[in-house]
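Structure for the following, please:
(4 chains)
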Protein chains: 2
Amino acid sequence: MVISLKDVAKRAGVSVKTVSNVVNGYRHVTPATRQRVQQVIDELGYRPNLTARHLRKGRTGIIALALPELGNPYFAELANAVINYAAGLDYIVLLDPTNGRRDQEILFAQGFRARLIDGLILSPIELENEDLLARGHDAPLVLLGEREYEAPHDHIAIDNVAAARTATQHLLDLGRERVAFIGARQGRSRQPAHLRLRGWREVMSETAAGGGDDLVATTDGYGREDGAQGMARLLDSGAAPDAVFCYNDVVAIGAMRTLAERGLRVPEDVAVVGFDNIEDGRYCSATLTTIAPHKQAIAEAAVDALLSRLDGAEEEKEAAPRHVRPGFALIRRESTLGRP
Amino acid sequence: MVISLKDVAKRAGVSVKTVSNVVNGYRHVTPATRQRVQQVIDELGYRPNLTARHLRKGRTGIIALALPELGNPYFAELANAVINYAAGLDYIVLLDPTNGRRDQEILFAQGFRARLIDGLILSPIELENEDLLARGHDAPLVLLGEREYEAPHDHIAIDNVAAARTATQHLLDLGRERVAFIGARQGRSRQPAHLRLRGWREVMSETAAGGGDDLVATTDGYGREDGAQGMARLLDSGAAPDAVFCYNDVVAIGAMRTLAERGLRVPEDVAVVGFDNIEDGRYCSATLTTIAPHKQAIAEAAVDALLSRLDGAEEEKEAAPRHVRPGFALIRRESTLGRP
DNA sequence: TCAGTGATGTATAACGATGTAAAAGTCAGC
DNA sequence: GCTGACTTTTACATCGTTATACATCACTGA
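From the prediction side, this is the model:
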């Protein structure tokens, strides 16, 4: 049997509202009443029906976090950070994997789960600008990650170009000359959010090797297998890289696997830099040098941005779209420095 | 402005219920009416308020999945599987990391989020039997994983003892003699759910090395660092293992890291077997031999069990607690077989 | 012509909580 | 003992939906 306020009220001999007042810690309730009601609540094991509360309040306290997939530890770690930070602010996070598919991303962006969620944090991969514009302006939306849009939404992303430059420069500083890039996406010409590729190109174009396509391996996705295959193609092509900067850490891990299979040493033969600073990188046989976006800062910025649209003062809610740039750091490890 | 059924009804000149009927695809609606209503719905951009629907129906179509953490890829992959499978059955999954803390696990088990979720799948670590018994019998609960309880709930877990025996035996079959175990939990004596340790012990106790504690490294947790430290202690203790069976894959990855740092080769000096078959294992410098629980089967069994309690026929709902044992397989890779 | 049938549509009451406004209770001060 | 000011409690409407019960309508068959 499900206990409602009414049941408690009847048993305690007070009105429904009084019970509600007790539950919500309303100030003006006599200690005597409060105690009596509380006792009945405990006796009956009453728990407020959140759904009813949500309906009445017009708010659910739930925000959605739509990420490509949890199989990539970066997203898993980010999700963890968002969930925990939001929990501290009394918000529940609903995690929605989009599998990087445009139809899924559209679904979430356009207000699937209407009024079940108060707002949405979306890390898009395939989503197009027009999809965002076609959006009924329902719950506020915060965008996450490398892709850039001309749409009025808050956007949280580190400076990907600068980070990529830093990574590439690090390899050059170590004396490497033929620094390759793995992870450019094929067929994404229409809105080329290749900020990391751009950073690589900017730095490499000023070197003897140049920033040409011979040192770029395009991939279909951003997974381990993509990295492994990309590395294999680079080696087979005769590009003869002595270093690679990978789109992300799992791509780098895939690339290192191929290097190991070919009997090439990291970093002696090929130095490797990743991107994301996932925990796995610290346990590879050559620990992975990587760009570490400040994940906690990203998670907090995303949630804060969303909540300021939801709960902020009027001028905060209506403020122009914000672009927050959390910091990043280059973490130097064995895959570029070698074992000390 | 938020559009409700009422607004649509007024504009279309029909009753609220008729609009509801159209939205829900109720059969007996004239095509003419249906079209007129549908047009207004499209015009106004009406979206049903899920919260209200949930209140009215007494069901939300949301199930919670409480896992220790997403930082362990096994749980991330499992979560992905559960979310996707449940989505196919029109259920939404709310992911709740417990961080392996008892208070968090109790919270979820005892009906936190009352009536926001229809049911709960919980993978406990610290939870005690008494915590489960103290549960108000609210939403149905399905348990996941190694821990065993004397409480009337469905339980999904592979045969951990058999799996551990298989892994250990595999190492013995390769001619290893001193097979260690990393990952026994300290201070868990009260309810020693150490099925994997037991499996190891059963097999090892019949060998010359024996199943004694000298070859067991206890750890505080089940993460990469625990594996690294456990391996270090084993090596320092003089136990001189020529193989290790690790509680799970991330522990194994940590252990392999330590081996690499010590200049020991895998598998020549020490062979390694993990447990979980996470994707990372296929990309280690020595790919990881591991026990592969059938994750998809586990995810499906958990969701199916829960939904049969929710939506099943009466006798299904009331059936005795079920114990489902999905299968597993030993995946032989380089960490035991070497590079071909 | 009219009862009987089934299809279609409507009015209204829930679901369980909270907000509002007003009623009831308490107490000080004269 | 009464007024006024304040505290405590109550009754009722409301959030947006679906379920129930009933009204209406068109059509069939005697």
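
hang on, isn't A:Val203 packed against A:Thr168?
Yes - between A:Val203 and A:Thr168 there is a contact at 4.2 Å, judged by Cβ atoms under 8 Å. For glycine as for every other residue, the C-beta is placed from the backbone atoms N, C-alpha and C.

So for these two, which residue has more residues nearby?
Regarding A:Val203 and A:Thr168, a neighbour count based on other Cβ atoms under 10 Å in any protein chain shown identifies A:Thr168 as having more, with 25 against 22.

Assumed that one was part of a helix.
Yes - the assignment for A:Thr168 (DSSP: H, G, I helix; E, B strand; the rest coil) places it in a helix.

end-to-end on stretch A:41-49?
Taking Cα to Cα, to the nearest Å, the first and last residues of stretch A:41-49 lie 13 Å apart.

thought A:Ala81 was touching A:Ala299?
Yes - applying Cβ under 8 Å as the test, A:Ala81 and A:Ala299 come out as touching, 3.7 Å apart.

Mind checking what secondary structure the residue in the stretch 51-200 of chain A positioned nearest to DNA strand D has?
For the stretch 51-200 of chain A, the residue closest to DNA strand D is A:Arg56, as judged by Cβ to the nearest atom of the strand, at 3.7 Å. Three-state secondary structure (criterion: three-state DSSP) places A:Arg56 in helix.

Distance of it relative to A:Ile92?
A:Arg56 sits 17 Å away from A:Ile92, taking Cβ to Cβ, to the nearest Å as the criterion.

Show me which of the two is the more surrounded one.
Neighbours were tallied for A:Arg56 and for A:Ile92 using other Cβ under 10 Å; the higher tally belongs to A:Ile92 (21 against 10).

Need the phi and psi values for the nearest residue to that one once chain neighbours are set aside.
Nearest in space to A:Ile92, with sequence neighbours left out and distances taken as Cβ to Cβ, 6 or more residues apart in numbering or on different chains, is A:Ile62 at 4.6 Å. The phi and psi values for A:Ile62, taken as degrees, to the nearest 10, are phi -110, psi 130.

Quick check: A:Pro140 touching A:Ile117?
No - the pair A:Pro140 / A:Ile117 is not scored as a contact, 10.3 Å apart, by Cβ under 8 Å.

between those two, which one's more packed in?
A:Ile117 (25 against 19).

so who does that one touch?
A:Ile117 is in contact with A:Thr60, A:Ile62, A:Ile63, A:Ala64, A:Leu94, A:Ala139, counting by Cβ atoms under 8 Å, 6 or more residues apart in numbering or on different chains.

among these, which two are most distant?
Between any two of the contacts of A:Ile117, the greatest separation by Cβ to Cβ is 11.9 Å, found for A:Leu94 and A:Ala139.

who's more crowded, A:Ala81 and A:Ala299?
When A:Ala81 and A:Ala299 are compared for neighbours, A:Ala299 comes out ahead with 25 against 19, by other Cβ under 10 Å.

wait, that one sits on A:Leu78?
Yes - using Cβ under 8 Å, A:Ala299 is in contact with A:Leu78, at 6.1 Å.

Near A:Trp198, how many other residues are there?
No, residue A:198 isn't Trp; it's Arg. 16.

same check, this time on A:Arg165
If you count neighbours by other Cβ under 10 Å, A:Arg165 ends up with 19.

And for A:Asp311?
Number of residues near A:Asp311 (other Cβ under 10 Å) recorded here: 13.

And for A:Gln39?
A count of neighbours around A:Gln39, defined by other Cβ under 10 Å, yields 12.

Helix or strand: which one has it?
Element membership for A:Gln39, per DSSP states H and E: helix A:31-44.

That helix near DNA strand D anywhere?
Yes - with Cβ under 7 Å from any atom of the strand as the criterion, DNA strand D is reached by helix A:31-44 at A:Ala32, A:Thr33.

tell me what that helix is packed against?
Under the contact definition 3 or more Cβ pairs under 8 Å, 6 or more residues apart in numbering or on different chains; DSSP states H and E, helix A:31-44 sits against helix A:5-12, helix A:16-23.

list the contacts for A:Leu235?
Contact criterion Cβ under 8 Å, 6+ apart gives A:Pro241, A:Thr258, A:Arg262, A:Leu264 as the residues in contact with A:Leu235.

Also A:Ala184?
With contacts defined as Cβ under 8 Å, 6+ apart, A:Ala184 is in contact with A:His194, A:Leu197, A:Val216, A:Ala217, A:Thr218, A:Thr219, A:Tyr247.

again, only using 6 Å
For A:Ala184, the set of contacting residues under the criterion of Cβ atoms under 6 Å, 6 or more residues apart in numbering or on different chains consists of A:His194, A:Leu197, A:Val216, A:Thr218.

Including pLDDT and secondary structure, could those residues go into a markdown table?
Compiled in a markdown table, the contacts of A:Ala184 are given as follows (pLDDT from 0 to 100; DSSP: H, G, I helix; E, B strand; the rest coil):
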| residue | pLDDT | secondary structure |
| --- | --- | --- |
| A:His194 | 83 | coil |
| A:Leu197 | 93 | helix |
| A:Val216 | 95 | strand |
| A:Thr218 | 91 | strand |
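
re earlier: counting neighbours, which of the contacts of A:Leu235 comes out on top?
A:Pro241 (26 neighbours).

circling back: measure the residue of the stretch 51-200 of chain A closest to DNA strand D to chain B for me?
As defined by Cβ to the nearest Cβ, to the nearest Å, A:Arg56 lies at a distance of 9 Å from chain B.

residues contacting that residue?
By Cβ under 6 Å, 6+ apart, no residues touch A:Arg56.

measure it to A:Asn24 for me?
12 Å.

ok so A:Asp304 is a helix residue?
Yes - according to three-state DSSP, A:Asp304 belongs to a helix.

Quick check: residues of chain A near chain B?
A:45, A:47, A:49-52, A:54-55, A:70-71, A:76-77, A:79-80, A:83, A:94-95, A:97, A:114-116, A:136, A:224, A:253-254, A:257, A:260, A:280, A:283, A:285 (Cβ under 6 Å from any Cβ of the partner chain).
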